[in-house]
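Enquirer: can't give you the sequence, but here's the structure:
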């Protein structure tokens, strides 16, 4: 599990408009191993969410929430 916070500063393409805000993020994951010993395989699943306020988007007054889920297959040999 992890979490954190950050200060966010975004510029538009012409560097004429500056948006300042905050970003909060948190997440976690699980790993499940198949087999035992040195030669085994496993499945890993991670989920996280990032929430920004006052970001450079269509409506900068709302909080933008971005969920992310990823999975991977691991093999030890």
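Expert: Good, I have the coordinates. Given the structure is predicted, the values throughout are model-derived calculations rather than measurements. Numbering: from 1, shown residues only.
Enquirer: Next one: residue 73 relative to residue 19, how far apart?
Expert: With distances defined as C-beta to C-beta, to the nearest Å, the gap from residue 73 to residue 19 amounts to 39 Å. Where C-beta positions appear, they are placed from N, C-alpha and C, glycine not excepted.
Enquirer: wait, residue 20 sits on residue 9?
Expert: Yes: the pair residue 20 and residue 9 passes the contact test of C-beta atoms under 8 Å, sitting 5.4 Å apart.
Enquirer: which residues are in contact with stretch 45-53?
Expert: Outside stretch 45-53, the residues that touch it by C-beta atoms under 8 Å, 6 or more residues apart in numbering are 2, 8, 21-30, 63-71.
Enquirer: what's the single longest strand in this protein?
Expert: Counting residues, the longest strand in the chain under DSSP state E turns out to be strand 18-34.
Enquirer: Centre-most residue in the protein?
Expert: Among the residues of the chain, the smallest C-alpha distance to the mean C-alpha position (C-alpha atoms, centre = their mean) belongs to residue 48, namely 4.9 Å.
Enquirer: re earlier: hmm, which of the contacts of stretch 45-53 are the buried ones?
Expert: A residue is treated as buried here by neighbour count (16 or more other C-beta atoms under 10 Å); on that basis the buried members of the contacts of stretch 45-53 are 21, 23, 25, 27, 64.
Enquirer: Now for the residues you listed: which two are most distant?
Expert: Taking C-beta to C-beta as the measure, the buried ones among the contacts of stretch 45-53 span a maximum distance of 19.9 Å, between 21 and 27.
Enquirer: if we can go back for a sec, enumerate the beta-bridge partners assigned to the residue nearest to the centre of the chain.
Expert: residue 27, residue 68 (DSSP bridges).
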